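[1] I'll drop the sequence and a predicted model, then ask my questions.
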Amino acid sequence: KAGVTQTPRYLIKTRGQQVTLSCSPISGHRSVSWYQQTPGQGLQFLFEYFSETQRNKGNFPGRFSGRQFSNSRSEMNVSTLELGDSALYLCASSLVDSQETQYFGPGTRLLVL
Amino acid sequence: AQSVTQLGSHVSVSEGALVLLRCNYSSSVPPYLFWYVQYPNQGLQLLLKYTTGATLVKGINGFEAEFKKSETSFHLTKPSAHMSDAAEYFCAVKGSSGSARQLTFGSGTQLTVLP
């Protein structure tokens, strides 16, 4: 099976712009979660989608949003970018049950100038 | 609320020596526990996980971890370090429902393997 794929892998934006990141889960996986990784804050949970519905949300401002499509692919959007949004954004997919392992993609590295 | 503490942000071992990376967790529900490894410029790769059953869990690349409920610990070990083990290691906890469903990660331990 193909793993989790994320596009693009690298992105450079300027403050105030918006960005959309894409994640394709492993075939058959219906849950997609997003995480932000920074040197200062480490790995932080953004949100989880299951069957096109947001099932869980982390402690991030409303500028961070996401959605999931009927084929389980997910996108996350960050509006009005700030310098502090520079990070590695990781997507993970899993089957339905909470015991199931989350499998991570390679991430999208976002640099905000 | 759940949390993870990884003792030692940097650990150095000699090639062939024992690897011990420490992880303590806090969880209000029976936890599911994970160790992930991250190589430079890559995502996270699962090493092993504990959900239920046997408390000694074996993973890939010779790693294992033991779930000790009384000590709220889930330390990662490997009998003999290899140069290729140099990476950052993350311990994570999740619960079975509600807001505990998401993975909560420790701050990571950078493992250096000396020749």
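    Yep, that arrived. Numbering: from 1, shown residues only, chains lettered A, B, ... in the order given.
[2] What pairs with the lowest-mean-pLDDT helix or strand in chain A, parallel or antiparallel?
    Here the helix or strand of chain A ranked lowest by mean pLDDT, DSSP states H and E is strand A:53-57, holding a mean of 90. Strand A:53-57 pairs in its sheet with strand A:42-50 (antiparallel), by DSSP bridges.
[3] List the buried residues in the partner strand.
    Neighbour counts using 16 or more other Cβ atoms under 10 Å in any protein chain shown place A:L43, A:Q44, A:F45, A:L46, A:F47, A:E48, A:Y49, A:F50 of strand A:42-50 among the buried residues. Placement of C-beta: from N, CA and C, glycine included.
[4] which bits of chain B sit near chain A?
    Chain B has residues B:32, B:34, B:36, B:41-46, B:49, B:51-52, B:90, B:94-99, B:101-108 near chain A, with proximity defined as Cβ under 8 Å from any Cβ of the partner chain.
[5] make it 6 Å
    Contact residues, chain B versus chain A (Cβ under 6 Å from any Cβ of the partner chain): B:Y32, B:Q42, B:G43, B:L44, B:L46, B:K49, B:T51, B:S96, B:R101, B:Q102, B:F105, B:S107.
[6] What degree of burial does B:K78 show, as a neighbour count?
    21 (other Cβ atoms under 10 Å in any protein chain shown).
[7] Tell me how far the residue nearest the centre of chain A lies from A:G62.
    In chain A, the centroid-proximal residue (Cα atoms, centre = their mean) is A:W34; its distance is 3.3 Å. Note on A:W34: its distance to A:G62, by Cβ to Cβ, to the nearest Å, is 15 Å.
[8] And B:T112, by the same measure?
    With distances taken as Cβ to Cβ, B:T112 is found 40 Å from A:G62.
[9] okay, the two: which has more neighbours?
    A side-by-side neighbour count of B:T112 and A:G62, using other Cβ under 10 Å, places B:T112 first with 12 against 6.
[10] so who does the more buried one touch?
    B:S12, B:A86 (Cβ atoms under 6 Å, 6 or more residues apart in numbering or on different chains).
[11] For the helix or strand containing it, buried residues please.
    Assigned by DSSP states H and E, B:T112 belongs to strand B:109-114. For strand B:109-114, a neighbour-count test (16+ other Cβ under 10 Å) marks B:T109, B:L111, B:V113 as buried.
[12] ok, now stretch B:35-52?
    Result for stretch B:35-52 [16+ other Cβ under 10 Å]: buried residues B:35-38, B:43-51.
[13] likewise stretch A:86-106?
    Within stretch A:86-106, the residues that qualify as buried are A:86-95, A:98, A:101-106, counting by 16+ other Cβ under 10 Å.
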